[in-house]
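> only the shape, not the letters, is given here:
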């Protein structure tokens, strides 16, 4: 996991392709009195299905999809933004107090965990945390070659040509998610190629 501070937005690049991101270091989010923190998953294209907060005594959670706050099982949460707000500690019988707690976010593709801490004073560096995938061009390219060697796709196919256009955009400095969108390739496919390039042997 890498942290980049740019223009008031914290970008978290997560190496978490595949099913579960539990191999990544847990990122700490500091919630200061009087300030909120927003987690933005739009850059990954993922949909947030469920959120678990181990200790709710100091934090309230809101979403950009009102269905996420409903208790009915008939409603489906499809959020991409989570807002965390620090509150005065509430007393819940049987719930032990702690200096930190865990926030688990379940999306349609990954499982994320953050550590929440509660400083007594201070000002946050940013109020927005932009979650972004970090992928290696060389690993994506290797994954594409491996996929071709396994006859999952063929050079000259429409998808292959779109991938070459994708690489040209990446080489010009276009962000990964924008390059994928411009050539009409899903981020999930890019993630699969990156994962294939990491662990597979042709």
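Structure's in. What do you need? Please read all numbers here as calculations on a predicted model, not as lab measurements.
> and the strands in this protein?
Under the criterion DSSP state E, the chain contains strands at 2-6, 9-14, 27-30, 36-40, 48-53, 59-63, 81-86, 100-107, 111-117, 128-133.
> who's in contact with the third one?
Right, the one you point to is strand 27-30. 1, 3, 12, 37, 84, 100, 103, 114-119, 122, 124, 129 (C-beta atoms under 8 Å, 6 or more residues apart in numbering). C-beta here means a position set from N, CA and C on the backbone, and glycine is covered the same way.
> which one of the residues you listed is nearest residue 49?
residue 103 (14.5 Å; C-beta to C-beta).
> for the closest one, name its beta-bridge partners.
residue 53, residue 114 (DSSP bridges).
> check whether it really touches residue 58, as I assumed.
No. Using C-beta atoms under 8 Å, residue 103 is not in contact with residue 58; the gap is 11.6 Å.
> returning to that earlier point: the contacts of strand 27-30: which two are farthest apart?
Within the contacts of strand 27-30, 1 and 122 form the most distant pair, 22.4 Å apart (C-beta to C-beta).
> quick one, which of those two is more surrounded?
Neighbours per residue, other C-beta atoms under 10 Å: of residue 1 and residue 122, the larger number sits with residue 1, 15 against 11.
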